[in-house]
Every structure is written in C-alpha cells, then in structure tokens.
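**Student:** Coordinates only, no sequence provided:
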C-alpha cells in the first residue's frame, strides 16, 4: 500500500525516504532498527493512522534512503538527520517510537531536543555502548557483508534479529520468509550503518535529562538488547513505564505486532488524556 505521501526528502545533506500517512492528528514518528526500514512498523501505522499523523523514514544508507560514502554512519549523524527532518516538516512536538537503533536516536532526541518530542516509546533498545563481547562477532559478520553481501550471513543474523518463538512457530513461516528476504535485500554498503551501531557511545549518562512521558518495551526473548537493558533505561528515566512482550525477540513490532500495537495505543491514550 502506498501511503498518501511517500518521497525522498533532502535534509542534513542526504536524501531520506519518508512516508507520511497524513491527517490532522498529532504527529507520531517511527524510527526503525538496523538492517530494517520503516516498513517494520506496518502493523502499527495501519492501526494508529486514524488518530495520528504517522510518519516513518528510512535512515541514511538504509532502506530506500540514499547511500552514503565513508567508513561508518554514526548514531550522531542519524540523530541529526531526525532533528533536521522534524524541523523540515515543521511538526509540533511529536510522539516518537524508536526500535533498537531507532531507540538510540529517540533517547538522544529526548535528552538534547526536548522541545521536539511530546512522548517517547523505546522498543528493544539499549542506552549502553555495544557490549565488548559482541563486538568481534559483529565485526566478522560485517566484514563478510561488506565483501560478499548480506545474503551470505542472513542465517546467522536471523537469531540476533528475532526470538525463538518467531523462528520456530510453523504459523509464522511466511513471515519468516518475508523478513529473511528483507534482510537479504540490504545493500552491501549496509556495513557503514553497522559500524556506526557497533561503535556508538553510551547515552545512559544523558537519560536523567529526559522529562517527557516514556514507555520502554522489550521482547522477553530479545537476545540482542536483553530485557535487563530495558530495565536499566527505566531506572534512569524518571517515571518511565516498562512493558515486556512474551514471545517476541529483538524485532517485536513484526514478531508480535498486535501486542506491541496494544501497548503503544494504551500508552498514547494515557499521554493524550
């Protein structure tokens, strides 16, 4: 389904693919995870676009956004892109949903640009730097991706991106095939975004600055950013709520879309009230 507005928008020196569902409701922004695109929020946008102006975009160097040069796309660059996009669209303070890498962006936005956000929803993410024990494995997979293409490592990436329920449930076979194909379709240059994620600095010291209503959501089977990471975020953001999603791993919005949508919807109702 083509949204009412889907286009490349040039901000911060790059062309981002932006999908804007339109409407008169408050803006609700969706920021996706590494190796994914804004389409990982299809279910949530479909459910919420009647009340909210749902806007999602592909981060630079990912999805349908323009490719870039250089060795790495830093989280700081991606955050600056989000700031520039919000300002280019002249949005009032927006609700923000960020999953994994999108959560890295959301925490930085809320701490550094509080005037831009009405609320913050963090899904399957972490406020810490990448754990040292993960770095060698991710660098190896990234090197293989750069030189051979990601389809050669998709089998090893799937258990990082998805939980055991999604990977083993016969009823989800078609969904697994779809998302495996989506991962395999990434450009070899995706290694630049991976470098940025692996090399990110911790944002935990800044979380005490966040004052907007915050929901932290995590799949109980998340192996990439384990539930303890979400508990730590909740402890560092005053008044944050924690929701755990059974049967979901690191890509909860596609693994358990109904449960994630219900949690977001309930939180948004409380904020709007």
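**Tutor:** The structure has been received and is ready for your questions. Since the structure is predicted, the reported quantities are computational estimates derived from the model, not experimental observations.

**Student:** which parts of stretch 45-55 are buried?
**Tutor:** 45, 47, 48, 49, 51, 52, 53, 54, 55 (16 or more other Cβ atoms under 10 Å). Quick note: C-beta positions are derived from backbone N, CA and C, even for glycine.

**Student:** quick check, the fifth one in a helix?
**Tutor:** No. The assignment for residue 51 is coil, going by DSSP: H, G, I helix; E, B strand; the rest coil, so no helix is present there.

**Student:** Nearest spatial neighbour of it, chain-adjacent residues omitted?
**Tutor:** Nearest residue to residue 51, sequence neighbours excluded (Cβ to Cβ, 6 or more residues apart in numbering): residue 25, at 5.1 Å.

**Student:** who's in contact with the nearest residue to residue 15 once chain neighbours are set aside?
**Tutor:** Leaving out its chain neighbours, the residue that sits closest to residue 15 by Cβ to Cβ, 6+ apart is residue 66, at 4.0 Å. Residues in contact with residue 66 (Cβ atoms under 8 Å, 6 or more residues apart in numbering) are 8, 14, 15, 16, 60.

**Student:** about what we covered before: which of the three states applies to the residue nearest to residue 51?
**Tutor:** coil.

**Student:** So for it, what pLDDT did the model give?
**Tutor:** Looking at residue 25, its pLDDT stands at 96.

**Student:** And residue 270, how close does it get to residue 239?
**Tutor:** Residue 270 sits 11 Å away from residue 239, going by Cβ to Cβ, to the nearest Å.

**Student:** Between those two, which contacts overlap?
**Tutor:** What both residue 270 and residue 239 touch, as defined by Cβ under 8 Å, 6+ apart, is the set residue 213.
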